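Participant: What shape does this take:
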Amino acid sequence: MVKIEVLDEKPKAVAIPEELKELVKTKRHLTKAEIEILEKNLNHNDDPTWDNFYVDASEGGFDASLIHLSFFSGFIILGKLRHANLSYHDLVLTCGIRRSRLSNVVVGDDNVIRNVAYLDNYRFGSRVILFNIQEMCCTNHSKFGNGILKEGEPEENRIWIGVANENDGRSVLPFESMIPADAYIWSHYRDDPKLLDRFVELTEKGNDRKLNTFGYIDDDTVIKNSNIIKDVRVGKCAYIKGAFKLKNITILSSPDEKSQIGEGVELVNGILGYGSKVFYQAIAVRFIIGRNCQVKYGGRVLNSVLGDNSTISCCEVLNNLVFPFHEQHHNSSFLIATTIQGQSNIASGATIGSNHNSRSPDGEIFAKRGFWPGLCSDFKHNSRFASFVLVAKGSYQNELDIPYPFALVSPGENGSQAIRIIPAFWFMYDMFAITRNNNKFKKRDKRKIKVQNIETDPFAPDTMQEIMSALDRIIGLTRDYLIAQRHDALEGASTDEQKFQKAKDFLHQNPEADFMLDDEVCQKKYGATILKPVQAYKMYRKIVKYFATRTLMEYCKSLDVACLTLDLITKIRELPLYTEWENVGGQIIPSQKIQELFEDIKSGKINDWEEVHAFYNMCQVEYEQYKVRYALYLLERLYSRPIEQFSFDLYRNISDDVTVCAYDIYNAAFGSREKDYTDYYRNMVYRSEKEMDAVIGSLNDNSFLKELRADTAKFAEDIRGIFSGLCGK
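Facilitator: The predicted structure follows:
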């Protein structure tokens, strides 16, 4: 109901907030002549004495003639107001206050406030432009999108973001410095009540709970042609034009990372990261949008955390935790109740979250980095995908659990309900895409300040861990296949361990064997058919050797030594060995270190989120050491012996394999791209090769391939000597 308050004819003295009393000491009241100018210019003040007005005290710091047709109430504190123009793009306006209503406002130097119908309880920096705004106000209990509470507020007033699950079972509290790593550890470790309580305490740290909140617009920000701006805090150099509704949000912006909001946008209860842009009727409610992101063309982001360097366009994204480098551009796609670990691309028509396997909408999709579902794909909750899984177009009616990284998943053929999986598909058929990823993502990373650490290399400890598990899985399935076939390869094996070893020997000794395996776990009810298991096994091993040797070689370079030696191996062994890894918001961290973090939080050793971020950074500093120890472990596990027991022939075999692998990577990448130039159906739309080069560029001028070719040659040269200190040659 609308309330009415009958005012006394005699104005009450305006109380200046405690925090502004020092500022007021540097100001002065209006002179009688200035009051006459203001009233002559048809300005009105609820206080006819104008004692609520404070202006800049310096000589020439206040020009009363620059205020026209405006209404004032509460306290009004102005900085310098001089006859000057502010310009932004093609908008040029003279400083001053015109046709506006202001109440309880503090204004910085040389601002433009024009056609602001209602402006209450705001503070402004300098050189701010406000032009054509219907309503701009701030309540004294605003949280600006943060999940905190003010004095006297009940717990149910707290704003949560229901990531990863529609039933809010993984909800997190937003805060200005939140990064995907924070949202991940909060949403995916729900079995420790003490830890969850401490996360709330970290978020509340520094909150005085006082009901003295005011809106703030920082220096050099432009807001024009906008409708409702309520309980909003805006950083430096932001640009807001044509916004429909901005409520209870923080817009982080800086001179180096300018944020923008465009026409028809609605943002409610959330935080927009530095350098991000939201345009063209996009909507976000209960959200964290990271650095250097774009949400545009009617895209909807609800109850979600979106990682840095991501793009959401035209689509619907509900109840998700999305890590950095996510691309989703199509009107017909939607993403619901998922954790997507970044470097992902959702194709048109992909409906991820379309059905559930329970009577409540509490299902989830969990996809590790590099997830790429094809056109018009749909999946049933719950489903889980390993890293860099490519899913072919299809309707997947049963739950999936795909443990093979870099795999292609496709529907069954010839009436079969079993899905088909080619493990290591990317390595065998599209190496150009997988090797280009690291380079591509680094170039797209426009963040000036990189709070969230991001691993962009497809060959990293998390993917190697998955490959090692996939190798064991292929060996185990091959054992089952040989048992079913009563194959003589198992002759003499009586225990499961002996049969497992025989199956491993069979894969090594029969590189051209052509058979298929059945994996019942990969799809509920119908399982999966594993194609090309021998080729996948060989390729997986090659990639692990490549990663391990490359990591050891890079470590030698970091120490400025030419090769590995027994002394250096001893030093590497002294480093901590971690064999289980997690993608934490884009950063690869040993699982054991995450548990250490939790203990530090629960014990009170870590007491705010900045200290949590410092812990992430410490792990990143030590990441290369963690990797090199893991690389040594992988080589020794592949060959089932300590590296000191490797023979000269074995070292040479590793060097040859890794060299071949490096050139295979380059040749496969070149061949993948070359098809675009030689395929009849690709080039039939061009009249000549010259026209094709003009449109898509020359193959020989491809900058990525040029760089890869040079790097491969240098790598092949360096690899020859990496083991020379161990084998004596």
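Participant: Excluding sequence neighbours, find me the nearest residue to the residue most central in space within the chain.
Facilitator: Centroid-nearest residue in the chain, with CA atoms, centre = their mean: residue 307, separated by 1.7 Å. Once flanking residues are discounted, residue 307 sits nearest to residue 324: 3.7 Å by CB to CB, 6 or more residues apart in numbering. Heads up, the C-betas are built off the backbone N, CA and C, glycines and all.
Participant: Residue 634: what's it in contact with?
Facilitator: 464, 468, 544, 547-548 (CB atoms under 8 Å, 6 or more residues apart in numbering).
Participant: Any idea how many residues pack against residue 323?
Facilitator: 32 (other CB atoms under 10 Å).
Participant: pLDDT wise, what is it at?
Facilitator: Predicted confidence (pLDDT) for residue 323: 98.
Participant: now, which of the contacts of residue 634 lie within helices?
Facilitator: Secondary structure from DSSP state H places 464, 468, 544, 547-548 of the contacts of residue 634 in helices.
Participant: Would you check that residue 515 makes contact with residue 480?
Facilitator: No - if you go by CB atoms under 8 Å, residue 515 and residue 480 don't touch, sitting 11.9 Å apart.
Participant: tell me the strands in the stretch 601-729 of the chain, going along the chain?
Facilitator: Counting by DSSP state E, counting those that start in this stretch, the stretch 601-729 of the chain yields no residue ranges for strands.
Participant: which intervals of it have sub-threshold pLDDT?
Facilitator: Per-residue confidence for the stretch 601-729 of the chain (pLDDT under 70) gives these ranges: 663-677, 699, 701-706, 708, 711-712, 715-718, 721, 725, 727-729.
Participant: Could you rerun that using 50?
Facilitator: The model of the stretch 601-729 of the chain has pLDDT under 50 over residues 729.
Participant: Helix or strand: which one has residue 493?
Facilitator: Of the helices and strands defined by DSSP states H and E, none includes residue 493.
Participant: Check the gap between it and residue 594 for me.
Facilitator: 39 Å (CB to CB, to the nearest Å).
Participant: Partner strands of the top strand by length along the chain, with direction?
Facilitator: Longest strand of the chain, by residue count under DSSP state E: strand 222-234. Strand partners for strand 222-234, identified by DSSP bridges, are recorded as strand 129-137 (parallel), strand 215-217 (parallel), strand 239-241 (parallel), strand 245-251 (parallel).
Participant: possible to save the ones you listed as JSON lines with distance to residue 183?
Facilitator: Supplementary listing: the strands paired with strand 222-234 in JSON lines, determined by distance: least, CB to CB, whole Å:
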{"stretch": "strand 129-137", "distance to residue 183": "30"}
{"stretch": "strand 215-217", "distance to residue 183": "25"}
{"stretch": "strand 239-241", "distance to residue 183": "26"}
{"stretch": "strand 245-251", "distance to residue 183": "16"}
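Participant: Please convert those strands to JSON lines, extending it with mean pLDDT and mean neighbour count.
Facilitator: Listed next are these as JSON lines, based on pLDDT from 0 to 100; neighbours: other CB atoms under 10 Å:
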{"stretch": "strand 129-137", "mean pLDDT": "98", "mean neighbour count": "20"}
{"stretch": "strand 215-217", "mean pLDDT": "97", "mean neighbour count": "23"}
{"stretch": "strand 239-241", "mean pLDDT": "98", "mean neighbour count": "22"}
{"stretch": "strand 245-251", "mean pLDDT": "98", "mean neighbour count": "23"}
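Participant: quick one, which of these is nearest to residue 336?
Facilitator: strand 245-251 (22.9 Å; CB to CB).
Participant: Could you export that closest one as CSV, CA atoms only?
Facilitator: This file holds the C-alpha atoms of strand 245-251, laid out as CSV (Å, rounded to 0.1, in the frame of the first residue of the first chain):
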residue,chain,number,x,y,z
LYS,A,245,16.5,-2.7,-14.6
LEU,A,246,19.6,-3.0,-12.4
LYS,A,247,18.9,-4.0,-8.8
ASN,A,248,21.0,-5.2,-5.9
ILE,A,249,24.2,-5.7,-8.0
THR,A,250,27.8,-4.8,-8.1
ILE,A,251,29.4,-3.8,-11.4
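Participant: roughly how far is it from the heart of the chain?
Facilitator: Its chain's C-alpha centre lies 21 Å from the corresponding centre of strand 245-251 when counted by CA atoms, centre = their mean, to the nearest Å.
Participant: Enumerate residues external to it that contact any of its residues.
Facilitator: 142-146, 159, 176, 226-235, 238, 240, 259, 261, 265-272.
Participant: Separate out the buried members of those.
Facilitator: Neighbour counting by 16 or more other CB atoms under 10 Å classes 142-146, 159, 226-235, 238, 240, 259, 261, 265-272 among those as buried.
Participant: what's near enough to touch residue 277?
Facilitator: 259-262, 293-296.
Participant: Keep only those of those residues that are in helices.
Facilitator: Among these, no member falls in helices (DSSP H).
Participant: Buried subset of the residues you listed as a ChimeraX selection?
Facilitator: Remark: buried members of those, expressed as a ChimeraX selection using 16+ other CB under 10 Å:
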select :259,260,261,262,293,294,295,296
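Participant: Restrict stretch 379-396 to CA atoms and write it as PDB.
Facilitator: Output of stretch 379-396 as PDB, limited to C-alpha atoms (Å, rounded to 0.1, in the frame of the first residue of the first chain):
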ATOM      1  CA  PHE A 379      21.100 -36.000 -22.100                       C
ATOM      2  CA  LYS A 380      19.500 -37.500 -19.000                       C
ATOM      3  CA  HIS A 381      20.400 -36.600 -15.500                       C
ATOM      4  CA  ASN A 382      22.600 -37.900 -13.900                       C
ATOM      5  CA  SER A 383      25.500 -38.000 -16.400                       C
ATOM      6  CA  ARG A 384      29.200 -37.600 -16.200                       C
ATOM      7  CA  PHE A 385      31.900 -36.900 -18.800                       C
ATOM      8  CA  ALA A 386      35.700 -37.100 -18.700                       C
ATOM      9  CA  SER A 387      37.900 -34.300 -20.100                       C
ATOM     10  CA  PHE A 388      37.600 -33.300 -23.700                       C
ATOM     11  CA  VAL A 389      34.700 -35.600 -24.600                       C
ATOM     12  CA  LEU A 390      33.100 -34.900 -28.000                       C
ATOM     13  CA  VAL A 391      29.500 -36.100 -28.100                       C
ATOM     14  CA  ALA A 392      27.900 -36.600 -31.600                       C
ATOM     15  CA  LYS A 393      24.400 -35.400 -32.400                       C
ATOM     16  CA  GLY A 394      21.800 -37.600 -30.800                       C
ATOM     17  CA  SER A 395      19.200 -38.100 -28.100                       C
ATOM     18  CA  TYR A 396      20.800 -40.000 -25.200                       C
END
